[in-house]
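# Coordinates only, no sequence provided:
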């Protein structure tokens with residue numbers, strides 16, 4: 001059955017083919033599309049993004065959506081991703097999963113594909129203020145603070161309530177970032193050799209967590225607007241003994257997907273009925289570009305089957321290592337796992353973050369940074385359009401700062417190696433799946449200002465990409 005947003009996208013494409021909208025014409029705004037076609041604004045937004053993924057329209061910041069001068073549709077593999085068959089379960093092998101961190105440790109490398117916010121987009125002054133307060137009240141920070149400092153638990157419980165997730169302060173367990181939360185969650189609900197379902201392409205940290213826990217991965221196809229394929233997941237559950245499922249529901253890494261509320265509900269219900277724990281990574285959830293913050297998957301959990309993992313690594317500072325986990329019905333085993341893993345997370349960090357949240361510094365900062373990432377993302381997409389081959393496909397996320405790029409016929413790992421020689425880092429597609437299914441894709445990041453150095457980096461990447469494709473075609477001929 002065709003979804004509403006795909007139906008609207010197809011109607012608009014038909015109007016373009018008939019010449020109602022011609023190259024250079026501006027489409028109606030998403031609000032006007034919503035009124036004209038009697039659909040929600042969210043549906044209109046998704047329809048417009050489908051047209052972007054098809055290469056039919058371009059976005060001009062502050063101006064709107066325009067019919068592309070190319071006026072020819074991509075055969076978008078992004079859109080067809082959900083049609084891929086579910087893979088067989090397999091162990092995650094090291095491959096190049098740690099390569100990105102090793103490269104980034106080299107100070108001279110320009111991080112064009114790094115999912116790490118730069119200092120320009122961190123609330124330095126607010127953090128300094130809260131750190132000074134914590135230092136003056138240092139006695140609050142000298143204990144272990146297990147499972148979390150009371151002030152941190154209260155601040156997080158209040159924040160979760162504002163997102164539609166009702167939990168008590170005692171439900172909050174502090175972690176050293178989202179990565180530790182994911183590992184703890186996996187170890188709590190699985191045994192080595194168990195099968196875990198994930199949506200691909202997947203955040204490399206999820207694959208690393210599975211590798212550390214000795215688990216088999218079952219890769220479920222995804223769709224750039226819908227997220228993980230429900231039908232694919234149903235099939236997987238029927239075929240194999242799936243022990244857990246890990247999903248990023250909001251602004252996923254690397255495709256930037258935000259699931260609709262209906263999709264989140266269907267996912268929660270499917271896994272609850274199958275008695276399979278759902279582990280949610282919501283680390284990008286606060287970074288919507290405009291409008292209301294999307295609800296966590298956890299907000300639709302009626303059976304405490306969702307284990308919620310989050311941190312402030314993408315918003316306050318990656319160096320704080322300030323994260324938390326809501327364990328749901330797995331509280332006892334997750335609490336024990338955290339205790340034996342490293343006893344407790346930094347009390348100082350928890351007190352600093354609790355103070356900043358209490359004083360309102362967090363929301364003030366988020367209003368600024370959401371606008372910056374939205375602008376940066378559009379600028380980066382425009383640069384890619386200008387300097388990459390004409391059949392390049394680019395995602396358009398509605399939150400976060402990551403774009404996923406596909407250049408048909410290319411080899412992103414070879415491109416990665418050539419970029420490394422130019423002191424530029426991109427994240428090649430093979431980092432995002434256990435099998436090399438994304439060798440013509442790579443991740444770029446708008447987590448830093450789109451300045452002259454970024455423009456030079458994108459031009460260089462584009463030049464290398466064109467050169468590689470030209471060389472390959474000459475060898476074939």
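Happy to help now that I have it. Since this is a predicted model, take the numbers as computed values, not measurements.
# Would you mind identifying the next helix or strand past the lowest-mean-pLDDT helix or strand in the chain?
Least confident helix or strand, the chain: helix 99-104 with a mean of 51, by mean pLDDT, DSSP states H and E. Where DSSP states H and E defines the elements, the next helix or strand beyond helix 99-104 is helix 124-136.
# Following the chain past that following helix, name the next helix or strand.
By DSSP H and E, the next helix or strand past helix 124-136 is helix 150-162.
# distance of the closest residue in space to residue 210 that isn't next to it in sequence from residue 270?
Closest residue to residue 210 apart from its sequence neighbours, by CB to CB, 6 or more residues apart in numbering: residue 92 at 4.9 Å. C-beta: built from backbone N, CA, C; applies to glycine. Distance, residue 92 to residue 270, using CB to CB, to the nearest Å: 24 Å.
# Next one: the residue nearest the centre of the chain, what pLDDT does it get?
Nearest to the mean C-alpha position of the chain, counting by CA atoms, centre = their mean, stands residue 252 at 2.1 Å. pLDDT, residue 252: 95.
# surely it meets residue 203?
Yes: Residue 252 is within contact range of residue 203, at 7.3 Å (criterion: CB atoms under 8 Å).
# what sits in contact with each of these two?
Between them, residue 252 and residue 203 share no contacting residue under CB atoms under 8 Å, 6 or more residues apart in numbering.
# Based on its surroundings, how many neighbours for residue 363?
Residue neighbour count, defined by other CB atoms under 10 Å, stands at 11 for residue 363.
# Helix, strand, or coil at it?
When classified by DSSP: H, G, I helix; E, B strand; the rest coil, residue 363 comes out as helix.
# And it, how far from residue 159?
According to CB to CB, residue 363 stands 10 Å off from residue 159.
# shaky segments in this structure?
Applying pLDDT under 70 to the chain flags the ranges 1-2, 53, 61-62, 69-86, 93-107, 436, 471-477.
# Pull the number of nearby residues for residue 417.
If you count neighbours by other CB under 10 Å, residue 417 ends up with 12.
# Break the protein down into its structural domains.
Per automatic domain parsing, the structural domains of the chain span 1-73, 123-361.
# Tell me which of those domains sits nearest to residue 392.
The closest of the domains of the chain to residue 392 is domain 1-73. By CB to CB, the value is 8.9 Å.
# buried stuff in the helix or strand containing residue 262?
Assigned by DSSP H and E, residue 262 falls within helix 261-273. Neighbour-count burial for helix 261-273, counted by 16 or more other CB atoms under 10 Å, picks out 263-272.
# With stretch 19-31 instead?
Those would be 21, 27-28, 30, for stretch 19-31 by 16+ other CB under 10 Å.
# related to what we said a few turns ago, pick the most deeply packed of the domains of the chain.
domain 123-361 (a mean of 20; mean count of other CB atoms under 10 Å).
# Just the terminal-to-terminal distance for that one.
In domain 123-361, first residue to last residue: 8 Å (CA to CA, to the nearest Å).
# which residues in the stretch 301-450 of the chain form helices?
331-342, 347-359, 361-387, 412-421 (DSSP state H, counting those that start in this stretch).
# nearest to residue 183, of these?
Checking the helices of the stretch 301-450 of the chain against residue 183 by CB to CB gives helix 331-342 as the closest, at 7.8 Å.
# List the contacts of the closest one.
146-147, 171, 173, 175-176, 180, 183-185, 187-189, 307, 325, 327, 344.
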